[in-house]
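Novice: turn this into a structure:
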Amino acid sequence: MKLNEDQAVVSTMVALIAMVYTVAPVANYYLYSFGFYFLNLSVIGFACVFVYLLVYTIIKPRMVVFLFSKKLFVILVSLLPFLIVTIISFFYSRNIDYAFTKLFSLVINITFMFWIASQFNEKAFSIYIKSTIITSLILGLLYPYFYSGLFEAAPDISSDNISVYLTSGSLLAFCGVLQVVFKPFKFLYGVWLAIIYVEIIFTGARGPLLFLLICHFLHNVVVMRKLSTLYFLTPVLIMVIFYIISIDSGDSLLSRAIWRFSLVFDGNSGARFEYWSLFYEHLTKLGLLLFGAGLGSYGVIAFGPGVRDYPHNLFIGIIADSGILGLLCFIVFIVTLIRLMVLHRMYKYSVVLLLPFLELQKSSTYAEFRIFWISIGVILFLAIGKGYFSRK
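Specialist: Residues are numbered from 1 along each chain as shown. Prediction:
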């Protein structure tokens, strides 16, 4: 469907707002480094969505009806029990500050999920994918500058660069899946993918790299039954890895990346087994197991008062917050989503959701990991249509 000029402008605006919110966790670090402390792209993105909904609800009241179209309404109903249980767990939290952060993040992420699902059209979706990939690759080039011995030391923007490498890797992996599944850049398709892989390698983010490889393999070999891209990428990645090892001086970002990936072969999982054992030790009492310790309370239970931490696993994290009751509610939501995907035969899009789901088994929290909710928004958009899915 051809859009008129006003519709095209709105579509571009919608796409760019979604892009800004997607890349914000990484981009904010670099904005702060240059002294732009007043620029928080997450806040700006959410504010834009709020104004957008307010203005368009006034101008076009029928849009509100569309927001609750049948398919979205079913998803909303399936999500409500989990959201209600999570809100209730806020009131018996043992770390109210962190609980507020998690609840606020969850509500914003869910808002963006429904906004993407209801407001994207084919043009907006195309612009979103391309702008997100390009912006993420640019941000990926900044990482070596700020966190390596390859360049002159830059201003320290965070004493904890662990979160930067992981958020950078996760964002790049998400872009990799978008390129694999939707092919927004068909010209030099494999080159774009190779660049994404190389940038992830430089961050030293093992999980995102491994999960992208898994999703890439599943999509190309299992779903699409194609091997051509993998034939190109495999030797390129091998050459890159050997080149990195050959020029490593032992005291640089390259050394850190090599060291982190070598831990995979040592069976090293960081402190995750410790986190999971602490969960078993402290949270398997009947009351805590059924209803959880309260939103954001894992750190307090495991390490002491005031500690903001999480168990690095999606299912354990939900049980820690709101118990088995919360987990069952979450499973209802996921099963409803999977059922929708099966009904529409969306098998070739499944890795878009699989990637962040795998990420949540080892890092971040279900409330704060926005890529998980954004990916659901993308899946819902493809399901409810606006013409895109029906033409594929």
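
Novice: check contacts around residue 173.
Specialist: 196, 200, 205, 208-209, 211-212, 355, 359 (C-beta atoms under 8 Å, 6 or more residues apart in numbering). (Glycine included, C-beta is placed from N, CA and C.)

Novice: now do the end-to-end distance for stretch 198-217.
Specialist: Start-to-end span of stretch 198-217 (C-alpha to C-alpha, to the nearest Å) is 17 Å.

Novice: re earlier: so which one among the contacts of residue 173 has the lowest pLDDT?
Specialist: Lowest pLDDT within the contacts of residue 173 is found at residue 205 (80).

Novice: spatially nearest residue to that residue, not counting backbone neighbours?
Specialist: Spatial nearest neighbour of residue 205, chain neighbours left out: residue 169 (2.5 Å); criterion: C-beta to C-beta, 6 or more residues apart in numbering.

Novice: work out for me the element that neighbour sits within.
Specialist: helix 162-182 (DSSP states H and E).

Novice: helices or strands next to the following helix or strand past that helix in the packing?
Specialist: Using DSSP H and E, the next helix or strand after helix 162-182 towards the C-terminus is helix 189-203. Applying 3 or more C-beta pairs under 8 Å, 6 or more residues apart in numbering; DSSP states H and E, one finds that helix 189-203 contacts helix 122-146, helix 162-182, helix 206-217, helix 228-247, helix 253-265.

Novice: what about residue 294, distance to residue 99?
Specialist: 7 Å (C-beta to C-beta, to the nearest Å).

Novice: quickly list what's touching both of these two.
Specialist: 89-90, 93.

Novice: returning to what we had before: between the contacts of residue 173, which is nearest residue 316?
Specialist: residue 359 (14.6 Å; C-beta to C-beta).

Novice: surely that closest one touches residue 206?
Specialist: No. Contact criterion C-beta atoms under 8 Å: residue 359 and residue 206 do not qualify, at 11.5 Å.

Novice: where in this protein is the helix or strand with the lowest mean pLDDT?
Specialist: In the chain, no helix or strand scores lower on mean pLDDT, DSSP states H and E than helix 62-67, which sits at a mean of 52.

Novice: so how far is whichever helix or strand comes after that one off the chain centroid?
Specialist: Remark: after helix 62-67, the chain's next helix or strand is helix 70-90, criterion DSSP H and E. Per C-alpha atoms, centre = their mean, to the nearest Å, the displacement of helix 70-90 from the mean C-alpha position of its chain is 20 Å.

Novice: continuing past helix 70-90, what's the next helix or strand?
Specialist: Counting by DSSP H and E, the element after helix 70-90 in chain order, helix or strand, is helix 96-119.

Novice: run through the neighbouring helices and strands of that next one.
Specialist: The contact analysis (3+ C-beta pairs under 8 Å, 6+ apart) places helix 96-119 against helix 5-33, helix 41-59, helix 62-67, helix 70-90, helix 370-384.

Novice: right, so of those helices, which gets closest to residue 107?
Specialist: Closest among these, using C-beta to C-beta: helix 70-90, at 8.1 Å.

Novice: buried ones in the closest one, by neighbour count?
Specialist: 71-72, 75, 78-79, 81-83, 85-86, 88-90 (16 or more other C-beta atoms under 10 Å).

Novice: ok, residues contacting that helix?
Specialist: Residues contacting helix 70-90 (C-beta under 8 Å, 6+ apart): 68, 96, 99-100, 103, 106, 110, 114, 117-118, 291-292, 294-295, 321-323, 325-326, 329-330, 332-333, 336-337, 340, 367, 380, 383-384.

Novice: now that helix against helix 370-384, angle please.
Specialist: 150 degrees (axes from the mean of the first three to the mean of the last three C-alpha atoms, to 10 degrees).

Novice: between helix 70-90 and helix 96-119, how big is the angle?
Specialist: Going by the same axes, to 10 degrees, helix 70-90 makes 180 degrees with helix 96-119.

Novice: who does the helix or strand harbouring residue 321 touch, helix- and strand-wise?
Specialist: Here residue 321, judged by DSSP H and E, is contained in helix 314-343. Using 3+ C-beta pairs under 8 Å, 6+ apart, the elements in contact with helix 314-343 are helix 70-90, helix 272-283, helix 286-291, helix 298-303, helix 350-359, helix 370-384.

Novice: again, 7 Å this time
Specialist: If you count contacts as 3 or more C-beta pairs under 7 Å, 6 or more residues apart in numbering; DSSP states H and E, helix 314-343 packs onto helix 70-90, helix 272-283, helix 286-291, helix 370-384.

Novice: how long is stretch 90-101 end to end?
Specialist: 10 Å.

Novice: mean confidence for it?
Specialist: If you average the pLDDT values across stretch 90-101, you get 93.

Novice: in it, which residues are buried?
Specialist: 90, 93-95, 98-99, 101.

Novice: report the two of those separated the most.
Specialist: Farthest pair in those, by C-beta to C-beta: 94 and 101, 14.2 Å.

Novice: in the stretch 151-300 of the chain, where is pLDDT below threshold?
Specialist: Low-confidence segments of the stretch 151-300 of the chain (pLDDT under 70): 151-162, 224-276, 278, 282-284, 286-287.

Novice: please redo it, this time with the cut-off set to 80
Specialist: 151-165, 204, 221-288 (pLDDT under 80).

Novice: residue 307 - how many residues pack around it?
Specialist: Neighbourhood size, residue 307 [other C-beta atoms under 10 Å]: 15.

Novice: for residue 328, same thing?
Specialist: 14.

Novice: any idea how far it is from residue 288?
Specialist: 16 Å.

Novice: kindly report the same for residue 294.
Specialist: Counting by C-beta to C-beta - residue 294 and residue 288 are separated by 9 Å.

Novice: the more surrounded of those two?
Specialist: More neighbours surround residue 294 than the other of residue 294 and residue 288, with 24 against 18 (other C-beta under 10 Å).

Novice: spit out the contact partners of the nearest residue to the more buried one once chain neighbours are set aside.
Specialist: Closest residue to residue 294 apart from its sequence neighbours, by C-beta to C-beta, 6+ apart: residue 93 at 3.6 Å. Going by C-beta atoms under 7 Å, 6 or more residues apart in numbering, residue 93 touches 99, 294-297.

Novice: nice, that's everything, thank you.
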